[in-house]
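Asks: Sequence and predicted structure, then a few things I'm wondering about:
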Amino acid sequence: MTQQVLNGILLDESTELSLSDLCRVCASPAEWVIALVEEGVLEPVGYQQTQWRFPVDSLQRARTAMRLQRDLGINLAGVALAVELLEEISRLENRLRRLDLDEPS
Amino acid sequence: MDFKDYYQIMGVERDASQDEIKRAYRRLARKYHPDVSKESDAEIRFKEVGEAYEALKDPEKRAAYDQLGANWKAGQDFQPPPDWNAGFEFRGGGYTGRDGADFSDFFESLFGQGFGGAQGHTSHAGFRQQGQDHHAKILIDLEDAYQGATRSIGLQSPEIDKQGHVHTKQRTLKVKIPRGVKQGQRIRLPGQGSPGMGQAAAGDLYLEIDFKPHRLYKVDAHDVYLDLPIAPWEAALGANIPVPTPAGPVDMKIPAGTRSGRKLRLKGRGIPGKTPGDLYVVIQITLPPADTDTARAFYEKMQQELAFNPRSNMGV
């Protein structure tokens, strides 16, 4: 059976997301995304909320924040701190892997 | 179906208080949260703990579960006794907060049906709601990012039947991987998420790109790293040598006097794109083994004739 090959849309660095894109992808209300912006977890460009454009890595950040808040019951300030620390850990792990210093698994 | 010992999963006694259960859940959730945990089975453990907590945090569900008795052992073959939950009045839906599709058949058989109806999944006439987005990871080879590829991915997605029950459905998708993808980027496949309710559109599927570990290369964003062994004479005298790259071998000039650990850059040979990455070749000078008389004689000759002290700047 031949199956149709799906052509997706690659979300690369040039992709920008709107407030409603993020609401949809996190299945969360706009107020929650706005709260993430106020907490400094997300940094959109543009003055008015309707014109906000979010860099593509906001998608990962917002979803991580959503899961941490939902599953661990931490408040937004704690979520913001955890997201930053997790990203720092991931940067350091990448560096270790590149230098071949990662723990043998 | 296997019996699940929710108390054992939570690591609490059967007479634990609701507060103790909550504390145990918080601790285990932090330990096994897939965004935080480094444990290899984190995701499975996290779901197990979530399911156990879902059953035990609600005093009604907990009482019903306790009614099954303490003699059941985890993993034992289990069928709920008929009318096992008779006499319990269940308010609210079977699931709270979390997606019920994550839960086991065991949970489903106890709490999935008859727990306050169809858990809000029934589609009312005229009710329209866009389908949920789905998220999955797709493992690809580094070479796929250089050339582009078509890859199949098997997905398990929850589906809701007409009675409002959640089933897991297997499906396979063939997806085009565009040239130039990087670790962690996502491909959005419109309409491949959950079907919408009423006339509403289906959700989207997001595929996160994850590179398989490669025998030769390491990847950092759009740059690629290669450890390249070279012979001492290639390092000392300089040489033109062939170097593997994910797009095929290229010739590279090793300058005379190259030290071990030196990084040589092959510009634009990293992951392709509008601004292509670079390929960094990390030099590793590799000694020929002194395992024959001839080889040993060579080393002895070097020792006598080169007067080389690699530790001269250490004062020894």
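Replies: Received it, and whenever you're ready, just let me know what you need. The structure displayed is predicted, hence computed values, not measured ones.

Asks: Quick check: the residue of chain A nearest chain B.
Replies: For chain A and chain B, the shortest gap (CB to the nearest CB) falls at A:Gly8, measuring 3.8 Å. For every residue, glycine as well, the C-beta is placed using N, CA and C.

Asks: Report how many residues lie close to that residue.
Replies: Neighbour count of A:Gly8, defined by other CB atoms under 10 Å in any protein chain shown: 20.

Asks: Give me the secondary structure label for the closest residue to it other than its chain neighbours.
Replies: Using CB to CB, 6 or more residues apart in numbering or on different chains and skipping the chain neighbours, the partner closest in space to A:Gly8 is B:Ile187 (3.8 Å). When classified by DSSP: H, G, I helix; E, B strand; the rest coil, B:Ile187 comes out as strand.

Asks: contacting residues around B:Ile187?
Replies: Counting by CB atoms under 8 Å, 6 or more residues apart in numbering or on different chains, B:Ile187 makes contact with A:Gly8, A:Ile9, A:Leu10, A:Leu11, B:Ile138, B:Val175, B:Ile177, B:Pro178, B:Val181, B:Tyr206, B:Leu207, B:Ile209.

Asks: got the contact list for A:Asn7?
Replies: B:Lys176.

Asks: What values do phi and psi take at it?
Replies: Per-residue torsions, A:Asn7: phi -100, psi 110 (degrees, to the nearest 10).

Asks: re earlier: what sits against the residue of chain A closest to chain B?
Replies: By CB under 8 Å, 6+ apart, the neighbours of A:Gly8 are B:Val175, B:Lys176, B:Ile187, B:Arg188, B:Leu189, B:Pro190, B:Leu207.

Asks: mind showing which ranges of chain A have poor pLDDT?
Replies: The model of chain A has pLDDT under 70 over residues A:1-2, A:101-105.

Asks: for it, what spans make up the helices?
Replies: Along chain A, the segments classed as helices by DSSP state H run A:19-26, A:30-38, A:58-72, A:76-98.

Asks: In a markdown table, list these along with distance to B:Val282.
Replies: What follows is those, written out as a markdown table (distance: least, CB to CB, whole Å):
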| stretch | distance to B:Val282 |
| --- | --- |
| helix A:19-26 | 38 |
| helix A:30-38 | 39 |
| helix A:58-72 | 29 |
| helix A:76-98 | 9 |
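
Asks: any chance of the ones you listed in a markdown table, plus mean neighbour count and distance to chain B?
Replies: Listed next are the helices of chain A as a markdown table, based on neighbours: other CB atoms under 10 Å in any protein chain shown; distance: least, CB to the nearest CB, whole Å:
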| stretch | mean neighbour count | distance to chain B |
| --- | --- | --- |
| helix A:19-26 | 19 | 6 |
| helix A:30-38 | 17 | 15 |
| helix A:58-72 | 20 | 5 |
| helix A:76-98 | 14 | 5 |
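
Asks: Out of those, the one nearest B:Leu56 is which?
Replies: helix A:58-72 (16.2 Å; CB to CB).

Asks: what comes into contact with the closest one?
Replies: Applying CB under 8 Å, 6+ apart, the external contacts of helix A:58-72 come out as A:11, A:17, A:22, A:25-28, A:32-33, A:36, A:41-44, A:74-76, A:79-80, A:82-83, A:86-87, B:26, B:29-30, B:33-36, B:46, B:50, B:97-98, B:135, B:184, B:186, B:206.

Asks: buried subset of the contacts of B:Ile187?
Replies: Neighbour-count burial (16 or more other CB atoms under 10 Å in any protein chain shown) applied to the contacts of B:Ile187 gives A:Gly8, A:Leu10, A:Leu11, B:Ile138, B:Val175, B:Ile177, B:Pro178, B:Val181, B:Tyr206, B:Leu207, B:Ile209.

Asks: The residue nearest to B:Gly180 when sequence neighbours are not counted: which element?
Replies: With CB to CB, 6+ apart as the criterion, B:Gly180 has its nearest non-adjacent residue at 4.0 Å, and that residue is B:Gly273. Assigned by DSSP states H and E, B:Gly273 belongs to no helix or strand.

Asks: what do you get for the one 3 residues further on?
Replies: Per DSSP H and E: B:Pro276 is located in neither a helix nor a strand.

Asks: Now do the phi/psi pair for it.
Replies: The phi/psi pair for B:Pro276 (degrees, to the nearest 10) reads phi -70, psi 150.

Asks: show me the contacts for it.
Replies: Contacts for B:Pro276 (CB under 8 Å, 6+ apart) come out as B:Gly180, B:His222, B:Gly268, B:Arg269, B:Gly270.

Asks: one more time with 6 Å
Replies: By CB atoms under 6 Å, 6 or more residues apart in numbering or on different chains, the contact set of B:Pro276 is B:Gly268, B:Gly270.

Asks: Look up how far A:Ile9 lies from it.
Replies: Note on B:Pro276: its distance to A:Ile9, by CB to CB, to the nearest Å, is 21 Å.

Asks: In chain B, which residue sits closest to chain A?
Replies: Residue of chain B nearest chain A, by CB to the nearest CB: B:Ile187 (3.8 Å).

Asks: Beta-bridge partners for that residue, please?
Replies: Legend: beta-bridge partners of B:Ile187 under DSSP bridges are A:Leu10, B:Leu207.

Asks: Point out the residues in chain B that sit beside chain A.
Replies: When proximity is defined as CB under 6 Å from any CB of the partner chain, chain B approaches chain A at B:29-30, B:33, B:35, B:133, B:150, B:173-176, B:178, B:186-189, B:218, B:220, B:225.

Asks: Take those residues and keep only those in helices.
Replies: Counted as lying in helices by DSSP H, out of those, are B:Ala29, B:Arg30.

Asks: Just the buried ones out of the residues of chain B next to chain A, please.
Replies: Buried among the residues of chain B next to chain A by 16+ other CB under 10 Å: B:29-30, B:33, B:35, B:133, B:173, B:175-176, B:178, B:186-189, B:218, B:220, B:225.

Asks: Lowest pLDDT pick from these?
Replies: Among those, B:Asp133 has the lowest pLDDT, at 83.

Asks: Give me the residue at the spatial middle of chain B.
Replies: In chain B, the residue lying closest to the centroid (CA atoms, centre = their mean) is B:Lys137, at 6.9 Å.

Asks: Much appreciated, bye for now.
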